[in-house]
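Novice: From the sequence below, what's the structure:
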Amino acid sequence: MSKIRNFGHALYEGKVSIDFVGRRKLWYSISALILVAAIAGLLFRGLNYGIEFKGGVEYRVSMPSGQATQENVVKIREAVVGTGLAAAEAPVVNTSGNSIRVQIEPLNNRQATQVGTAIQRSVGVGRDAVSSDSIGATWGAQVGQRALLGLVVFLVLVVLFIWAYFREWKMSVGAIVALIHDLVITVGVYALSGFEVTPATVTGVLTILGFSLYDTVVVFDKVRENTKNLSRTHQTYSEAANLAINQSLVRSINTSIVALLPVGALLYVGVVSLGSGALKDLALALFVGMAAGTYSSIFIATPLVVQLKEMEPGVRAGDARALKNRKRREVDPFANVPAFTEDMPLADAPVDAAGDVPGGDARDTAGDVGEDEPVPSEAGAARPAARPPRFTAGERGPSRPVSQSASAKRAQPSRKPRSQRGKK
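Specialist: Numbers count the residues shown, from 1 in each chain. All right, here's what the predicted structure looks like:
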């Protein structure tokens with residue numbers, strides 16, 4: 001955990017950076033491939049609309065505990081097809097908890113009774129164990145129209161909100177593109193997987209729009225914070241935006257994982273344990289939409305905003321000025337001297353290969369003896385002077401006596417009283 005925390009701190013400080021903005025063409029290509037697969041699934045396979053949208057008759061067969069098996073599913077399907085009715089030629093039969101659900105096309109009352117009797121005889125249950133619901137296609141059409149109207153209203157409100165909050169229409173464009181990206185991927189997964197599109201699916205799709213927008217707004221807010229005083233940071237707009245993505249990356253990943261874990265559990269229960277129903281349809285839409293929303297807020301929305309901003313003359317001029325100042329600092333090493341701070345670590349003086357401080361002899365005071373000058377000993381023989389030991393930062397060595405300077409024999413000025421100042 002400490003390594004993950006240190007990595008997140010390094011991302012926030014800019015010590016470690018992932019180039020999301022610079023590699024936007026790669027992310028665009030990956031999204032384009034996913035979108036092509038999703039659209040191909042919609043065109044060639046289409047959506048598997050539930051009975052709520054296309055109309056029909058739904059039978060629910062309550063089975064004793066442990067009897068809702070695949071063997072009974074096959075028996076019911078054969079019995080429904082054996083009725084010889086045109087509307088019952090391709091029934092949809094699956095398990096739903098301790099019951100078996102049968103869906104067929106619309107029937108009249110006589111035909112509905114005939115199919116119900118065939119189901120009872122196939123698995124040996126009573127009349128009370130079989131219930132039927134007749135649903136017209138007009139109800140599903142109304143649900144679809146209201147969902148489409150709600151989606152349009154939501155997108156308009158999103159554009160107005162982001163435009164008013166960030167004072168930037170380009171961020172509204174980036175958010176809308178990310179939302180459409182998430183919608184197309186989610187619907188494409190439904191087409192490729194063959195899951196039924198039910199009112200629960202519509203609820204899940206509308207829910208993921210809010211999650212995707214939330215993650216995008218968080219990243220946009222950090223972009224605005226980093227680019228507010230861009231001229232003082234010597235960064236280009238793309239570098240500041242890329243730093244914003246890195247700073248919010250760990251937060252986005254953690255939020256997405258925490259949200260996806262319970263949704264994934266619901267999806268597993270809906271598919272494996274229950275087999276069908278609204279829980280499975282809702283969980284699939286939420287799982288796919290949340291994952292796509294996290295991806296789009298990082299890899300699509302912000303790089304697209306940067307690409308649109310770089311078309312502005314002011315941003316281009318600021319980027320050129322920042323690059324020019326950076327080149328000047330690289331040429332002139334003294335133009336990039338860091339300012340002193342209290343938390344700056346101590347560093348030892350540079351030492352050359354011989355162990356000497358460069359320029360150390362030149363800083364000897366007058367009257368001092370150099371390292372290589374001989375010092376007369378008591379016997380009259382000259383011996384080299386011993387250089388005092390060096391000490392690292394934080395250590396305290398013995399003090400050296402101060403040598404006599406040339407100004408020691410001259411009269412030193414003294415401070416006169418205020419009444420005698422200016423008098424000779």
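
Novice: show me what contacts residue 294?
Specialist: 215, 252-253, 256 (CB atoms under 8 Å, 6 or more residues apart in numbering). C-beta: built from backbone N, CA, C; applies to glycine.

Novice: what's the offset of whichever strand or helix holds it from the middle of its chain?
Specialist: Element membership for residue 294, per DSSP states H and E: helix 278-296. Centroid separation between helix 278-296 and its chain, computed with CA atoms, centre = their mean, to the nearest Å, is 16 Å.

Novice: Now do it, average pLDDT.
Specialist: The average pLDDT for helix 278-296 rounds to 83.

Novice: just stretch 301-313 next, same as before
Specialist: 87.

Novice: which residues sit against that stretch?
Specialist: 20-21, 24, 27-28, 168, 170-171, 173-175, 177-178, 216, 219-220, 223, 237-238, 241-242, 244-245, 315-316, 319.

Novice: In PyMOL, how would I select just the buried ones from those?
Specialist: In PyMOL, the members of the contacts of stretch 301-313 classed as buried (16 or more other CB atoms under 10 Å) are selected with the following command:
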select buried, resi 20+21+24+27+168+170+171+173+174+175+177+178+216+219+220+223+237+238+241+242+244+245+315+319
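
Novice: so what are the domain limits for the protein?
Specialist: Taking automatic domain parsing as the domain assignment, the ranges for the chain are 37-48+139-322, 56-135.

Novice: picking up where we left off before, as CSV, could you dump the C-alpha coordinates of the helix holding residue 294?
Specialist: Extracted C-alpha coordinates of helix 278-296, given in CSV (Å, rounded to 0.1, in the frame of the first residue of the first chain):
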residue,chain,number,x,y,z
ALA,A,278,-34.5,-6.5,-14.2
LEU,A,279,-31.4,-6.9,-11.9
LYS,A,280,-29.3,-8.4,-14.6
ASP,A,281,-30.3,-5.8,-17.2
LEU,A,282,-29.7,-2.9,-14.8
ALA,A,283,-26.3,-4.3,-13.6
LEU,A,284,-24.9,-4.8,-17.1
ALA,A,285,-25.8,-1.2,-18.1
LEU,A,286,-24.2,0.2,-15.0
PHE,A,287,-21.1,-1.9,-15.2
VAL,A,288,-20.3,-1.2,-18.8
GLY,A,289,-21.3,2.5,-18.6
MET,A,290,-19.1,3.1,-15.5
ALA,A,291,-16.1,1.5,-17.0
ALA,A,292,-16.5,3.4,-20.2
GLY,A,293,-17.1,6.7,-18.3
THR,A,294,-13.9,6.4,-16.4
TYR,A,295,-12.0,5.7,-19.6
SER,A,296,-13.6,8.6,-21.5
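
Novice: so how far is the helix or strand just after it from its chain's centroid?
Specialist: Next helix or strand after helix 278-296 toward the C-terminus (DSSP H and E): helix 302-309. With CA atoms, centre = their mean as the basis, helix 302-309 stands 16 Å off its chain's centre.

Novice: Which helix or strand contains the spatially most central residue of the chain?
Specialist: By CA atoms, centre = their mean, the mean C-alpha position of the chain lies nearest to residue 252, the distance being 4.1 Å. For residue 252, the element it lies in under DSSP H and E is helix 237-268.

Novice: Now residue 61: phi and psi?
Specialist: phi -110, psi 110 (degrees, to the nearest 10).

Novice: Which residue comes closest to it once chain neighbours are left out?
Specialist: Once flanking residues are discounted, residue 61 sits nearest to residue 100: 4.4 Å by CB to CB, 6 or more residues apart in numbering.

Novice: How about the contacts made by the one you found?
Specialist: Taking CB under 8 Å, 6+ apart, we find residue 100 in contact with 60-61, 63, 68, 72-73, 76, 93-94, 123.

Novice: before we move on, what about residue 223?
Specialist: Shown in contact with residue 223 (CB under 8 Å, 6+ apart): 240-241, 244-245, 302, 305.

Novice: and these as CSV, adding distance to residue 160?
Specialist: Supplementary listing: the contacts of residue 223 in CSV, determined by distance: CB to CB, whole Å:
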residue, distance to residue 160
240, 26
241, 23
244, 23
245, 25
302, 20
305, 17
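
Novice: For residue 151, state which of the residues you listed is nearest.
Specialist: Set against residue 151, the nearest of the contacts of residue 223 by CB to CB is residue 305 (22.7 Å).

Novice: could you pull out the strands for this structure?
Specialist: Assigned by DSSP state E, the chain shows strands spanning 48-49, 56-62, 92-96, 99-104, 130-135, 196-197, 374-376, 382-384.

Novice: And those strands: which comes nearest residue 152?
Specialist: Among the strands of the chain, strand 196-197 sits nearest to residue 152 (CB to CB), with 18.8 Å.

Novice: circling back: so for residue 297, which of the strands of the chain sits nearest?
Specialist: strand 196-197 (25.6 Å).

Novice: which of the domains of the chain is buried the deepest?
Specialist: Most buried of those, by mean neighbour count (mean count of other CB atoms under 10 Å): domain 37-48+139-322, with a mean of 18.

Novice: measure that one end to end?
Specialist: 41 Å (CA to CA, to the nearest Å).

Novice: pLDDT wise, what is residue 57 at?
Specialist: In the predicted model, residue 57 carries a pLDDT score of 81.

Novice: Surely it touches residue 103?
Specialist: Yes. With contacts counted by CB atoms under 8 Å, residue 57 reaches residue 103, the gap being 7.5 Å.

Novice: Common neighbours of those two, please.
Specialist: In contact with both residue 57 and residue 103: residue 51, using CB under 8 Å, 6+ apart.

Novice: ranges for the helices of this structure?
Specialist: Secondary structure of the chain by DSSP state H: the helices cover 2-13, 24-44, 51-54, 70-81, 109-123, 137-166, 169-193, 199-226, 237-268, 278-296, 302-309, 313-331.

Novice: Figure out which of these is closest to residue 130.
Specialist: Residue 130 lies closest, by CB to CB, to one member of the helices of the chain: helix 109-123, at 5.3 Å.

Novice: wait, what's in contact with residue 36?
Specialist: With CB under 8 Å, 6+ apart, residue 36 has no contacts at all.

Novice: now residue 72: how far from residue 125?
Specialist: 10 Å (CB to CB, to the nearest Å).

Novice: Please identify every residue contacting each of those two.
Specialist: Common contacts of residue 72 and residue 125 (CB under 8 Å, 6+ apart): residue 63.

Novice: quick revisit: got CSV for the helices of the chain, with distance to residue 420 too?
Specialist: Putting the helices of the chain into CSV (distance: least, CB to CB, whole Å) gives the following:
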stretch, distance to residue 420
helix 2-13, 62
helix 24-44, 79
helix 51-54, 108
helix 70-81, 117
helix 109-123, 125
helix 137-166, 72
helix 169-193, 75
helix 199-226, 64
helix 237-268, 65
helix 278-296, 83
helix 302-309, 72
helix 313-331, 55
